[in-house]
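Peer 1: show me the folded form of this:
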Amino acid sequence: MVWKARICGEQLYHHIYAWSNDRHPVFKEPKHYKKYLGLLRKYSAEYKIDIIAYALMEWHVHLFVYDDENSLSNFMLKQHGAYAQYFNRDTNRVGHVFGERFNNKIVVPNVYGTWLTRYIHRQPLEANLIKDPKDYPWTSYRVYIGLKKSDFVKTEIILEQFGRDIESHTQYEQFVLSEGGDDPIDWSKKSLVITDSKHMLRHVSRELGIEESTILNPHGRAERRKRYEAIKLLFKEYNYSKAQIAAALGLSRAAITIIIRNVN
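Peer 2: As a prediction, the model looks like this:
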């Protein structure tokens, strides 16, 4: 099989997920989860990988990480290689523990990152294992809501978007527990996409520090300049097509093309 080149590089955020081999569990006992987390703590420090969030499920794992020095592949090779050796030895089995090489997607932390942590932390809830995510011990959720301390989970880039100190824990908990089909990300896509214009505009306006009304109905040169910046951000950083941006803003595709071409 010819492997497709992995997207990697320095100073990138990744959503990593890996499934078990041939429908065999990745974890069978609490000590297996603990071992994986111990290795995660060890090798993330060794390879300078920041662990932002994680969920360890019986059949698969999710990691949200920041790779500062383009060491992601070596880190995951070491992490899963060391864990597989331990797991096979402890359970008296042979063969691959994970079914394939790990999958990864590039993540924009302050746009997709908050929703990605929600998605990760709700894994045991969606699997009907518990009724409250804080009751599942093998995710980083309890760290995020202040019920557990960790010296290797880096929550700051997410929690700083929810307030300060205790407030951020409470706000984040409410965010994760909110029900309904309000998750705007299509996680099945190879390139993560916000699936509706309302959320698209909300996130880009928050990133630029402007009102959504400024993007939709700018008044004067300064506000039009802000809308140009939003359009450029949507196109070049978030990978929306000109047609998608035009539809969200009520402009023609030709107008979007001109704006993208002329904004420095």
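
Peer 1: who are the contact partners of the most centrally placed residue in the chain?
Peer 2: Nearest to the mean C-alpha position of the chain, counting by Cα atoms, centre = their mean, stands L116 at 3.7 Å. Counting by Cβ atoms under 8 Å, 6 or more residues apart in numbering, L116 makes contact with H15, A53, F64, V107, I185. The C-beta positions use only the backbone N, C-alpha and C, and glycine is treated the same way.

Peer 1: of the residues you listed - the most surrounded one?
Peer 2: F64 (29 neighbours; other Cβ atoms under 10 Å).

Peer 1: so where do the strands sit in the chain?
Peer 2: Applying DSSP state E to the chain gives strands spanning 12-19, 49-56, 60-67, 103-107.

Peer 1: any chance of a markdown table for those, columns mean pLDDT?
Peer 2: Shown next, in a markdown table, are the strands of the chain (pLDDT from 0 to 100):
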| stretch | mean pLDDT |
| --- | --- |
| strand 12-19 | 90 |
| strand 49-56 | 97 |
| strand 60-67 | 95 |
| strand 103-107 | 83 |
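
Peer 1: quick one: mean pLDDT over stretch 233-244.
Peer 2: Regarding stretch 233-244, the rounded mean pLDDT is 76.

Peer 1: in terms of pLDDT, where does G181 sit?
Peer 2: 53.

Peer 1: again, but for D165
Peer 2: Taking D165 on its own, its pLDDT is 79.

Peer 1: how close does it get to V204?
Peer 2: 28 Å (Cβ to Cβ, to the nearest Å).

Peer 1: quick check: F152 vs A247, distance?
Peer 2: 42 Å.

Peer 1: biggest helix in this protein by residues?
Peer 2: helix 72-91 (DSSP state H).

Peer 1: give me the residues contacting that helix.
Peer 2: 6, 8, 12, 14, 16, 18, 26, 28, 31-32, 35-36, 39-40, 43-44, 46-47, 49, 65, 67, 93-98, 102, 104.

Peer 1: let's go with 6 Å and repeat that
Peer 2: The contact list for helix 72-91 (Cβ atoms under 6 Å, 6 or more residues apart in numbering) reads C8, K35, Y36, L39, Y43, Y47, I49, V94, V97, F98, F102.
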